[in-house]
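In: kindly generate the corresponding structure for this input.
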Amino acid sequence: QVQLVESGGGLVQPGGSLRLSCAASGFTFSNYAMSWVRQAPGKGLEWVSGINSGGGSTSYADSVKGRFTISRDNAKNTLYLQMNGLKPEDTAVYYCARVPDPSTGWAACDNWGQGTQVTVSS
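Out: Numbering: from 1, shown residues only. Predicted coordinates for the structure are as follows:
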């Protein structure tokens, strides 16, 4: 079965950096686009970033553009999110998610991980 396991979250000061990882198993990772989505306390899910199956095409929400970088290593079945210049409003649970058909939208995901908490606070 599809399994997505996020790691790398934690507590960081404003302006700091974190790198999230997502280990994928149970499907052919290199065949699928992937996204990162997040949920801040008391709010709904927010799409953050997406990457196509080969890694050559990426997309970002305006709120993170220029600060976050999505990447993938298909040989390691792993998705990454490098987060720089973190702000308190980036505080959320971050989920990696599989995108079965990017033409329907980067947020049209069919499987999610359990999430990793990112807290930005001084």
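
In: who are the contact partners of Val64?
Out: 48-49, 83, 90 (CB atoms under 8 Å, 6 or more residues apart in numbering). No exception for glycine: its C-beta is placed from N, CA and C like everyone else's.

In: could you redo the last one with a cut-off of 7 Å?
Out: Taking CB atoms under 7 Å, 6 or more residues apart in numbering, we find Val64 in contact with 48-49.

In: compute the first-to-last residue distance for stretch 68-82.
Out: Terminal residues of stretch 68-82 are spaced 6 Å apart (CA to CA, to the nearest Å).

In: can you list the residue ranges for strands in this structure?
Out: Under the criterion DSSP state E, the chain contains strands at 3-7, 10-12, 18-25, 33-39, 45-51, 58-60, 68-73, 78-83, 92-99, 111-112, 116-120.

In: so what touches the first one?
Out: Surrounding strand 3-7, the residues in contact under the criterion CB under 7 Å, 6+ apart are 20-26, 94-96, 98, 111-116.

In: can you select the buried ones from these in PyMOL?
Out: Applying 16 or more other CB atoms under 10 Å to those, the buried members can be selected in PyMOL as follows:
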select buried, resi 20+21+22+23+24+94+95+96+98+111+112+113+115+116
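
In: surely Pro88 meets Gln13?
Out: No - counting by CB atoms under 7 Å, Gln13 is not a contact partner of Pro88; they are 9.9 Å apart.

In: is Trp47 bridged to anything, and to what?
Out: With DSSP bridges as the criterion, Trp47 is bridged to Val37.

In: against Ala97, how distant is it?
Out: According to CB to CB, to the nearest Å, Trp47 and Ala97 sit 9 Å apart.

In: compare the two and say which is more crowded by neighbours.
Out: When neighbours are counted by other CB atoms under 10 Å, Trp47 and Ala97 differ, and Ala97 comes out ahead with 24 against 18.
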